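Peer 1: Fold the stuff below for me.
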Amino acid sequence: FPNRKRIGNVKCPVLLMHGTADTTVDCSHTHSLYKRCPEHLRHEPYILPGAGHDNLIEANPQRYFQTLRRFIADTCGQPQQQRDR
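Peer 2: Presented below is the predicted three-dimensional model:
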């Protein structure tokens, strides 16, 4: 997939998520995409130590959903007190 070429053309907020134990796609790919993503659209990536390619939720459900809630709140402009629920 030519993701590294395409990421610079995104027009919406981006949250990259990756597990460090992913054997399908190396975690360095996420770091590369983050650096190439337009700065005003990128959010700090969610990198989960020990998680694989398809178990980010199971590895740490609380942190996973907290990260998603904050991303959505930041993107949609939710008040701060609603962000941390």
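Peer 1: C-alpha from now on. contacts and neighbour counts both.
Peer 2: OK.
Peer 1: neighbouring contacts of the host helix or strand of R4?
Peer 2: Element membership of R4 [criterion: DSSP states H and E] is helix 3-6. Counting contacts by Cα atoms under 8 Å, 6 or more residues apart in numbering, the residues outside helix 3-6 that touch it are 32-33, 36.
Peer 1: Repeat that for stretch 55-64.
Peer 2: Contacts of stretch 55-64 from elsewhere in the structure, counted by Cα under 8 Å, 6+ apart, are 18-19, 48, 50-51, 65.
Peer 1: What about those residues, which are in helices?
Peer 2: In helices, judged by DSSP state H, the following of the contacts of stretch 55-64 are found: F65.
Peer 1: Out of the contacts of stretch 55-64, which two are the most distant from each other?
Peer 2: Spatially, the most separated pair among those is G50 and F65, at 17.3 Å (Cα to Cα).
Peer 1: quick one, what contacts the residue nearest in space to the middle of the chain?
Peer 2: Among the residues of the chain, L16 comes closest to the average C-alpha position under Cα atoms, centre = their mean, at 2.5 Å. By Cα under 8 Å, 6+ apart, the contact list for L16 reads 30, 34, 43-46.
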